[in-house]
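Peer 1: Test case, fold it:
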Amino acid sequence: MDTRAVATFIIGLGLVLVAVGLIALAGGLSWFGRLPGDIRYESKGTRIYIPITTMILLSIVLTILLATVRRLDL
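Peer 2: Below you'll find the model as predicted:
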């Protein structure tokens, strides 16, 4: 892989991260972490949060994304 391809990939990744950050800042990802199946327990001095469904969804999305990148041979 040449340096130009690596640089293009890093710039593209940076742009995607900025776009996701702007969407999150605007409240577009407010559902993330509050899916059915995420366990949330709060009492007087204790908070327990186990994002099971969110992590499964994130794992599936990242697996598909990385498999696609690997197939494109980037």
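
Peer 1: Can you tell me the SS state at the most centrally placed residue in the chain?
Peer 2: Taking C-alpha atoms, centre = their mean as the criterion, residue 58 is the residue nearest the geometric centre of the chain, at 5.8 Å. Classification of residue 58 using DSSP: H, G, I helix; E, B strand; the rest coil returns helix.

Peer 1: residues in contact with it?
Peer 2: With contact set as C-beta atoms under 8 Å, 6 or more residues apart in numbering, residue 58 has no partners. The way it works is simple: take the backbone N, C-alpha and C, and place the C-beta from them, glycine included.

Peer 1: can you give me the strands in this structure?
Peer 2: 39-42, 47-50 (DSSP state E).

Peer 1: Partner strands of the last one, with direction?
Peer 2: Taking DSSP bridges as the criterion, strand 47-50 sits next to strand 39-42 (antiparallel) in its sheet.

Peer 1: Show me this protein divided up by domain.
Peer 2: Domain assignment for the chain by automatic domain parsing gives 1-29, 31-74.

Peer 1: And the pLDDT at the residue nearest to residue 50 when sequence neighbours are not counted?
Peer 2: Nearest residue to residue 50, sequence neighbours excluded (C-beta to C-beta, 6 or more residues apart in numbering): residue 39, at 4.1 Å. What the model reports as pLDDT for residue 39 is 92.

Peer 1: Residue ranges in the chain under the pLDDT threshold?
Peer 2: Along the chain, the parts satisfying pLDDT under 70 run over 1, 73-74.

Peer 1: if you count residues, which helix in it comes out on top?
Peer 2: As assigned by DSSP state H, the longest helix anywhere in the chain is helix 3-25.

Peer 1: picking that back up, looking at the strands of the chain, which is nearest to residue 14?
Peer 2: Nearest to residue 14, of all the strands of the chain, is strand 47-50, at 29.6 Å by C-beta to C-beta.

Peer 1: And for the closest one, what's in contact with it?
Peer 2: Looking at what lies outside strand 47-50 - C-beta under 8 Å, 6+ apart - the contacts are 38, 39, 40, 41, 42.

Peer 1: from those, which is closest to residue 64?
Peer 2: Closest to residue 64, out of all of the contacts of strand 47-50 and judged by C-beta to C-beta, is residue 38, at 21.0 Å.
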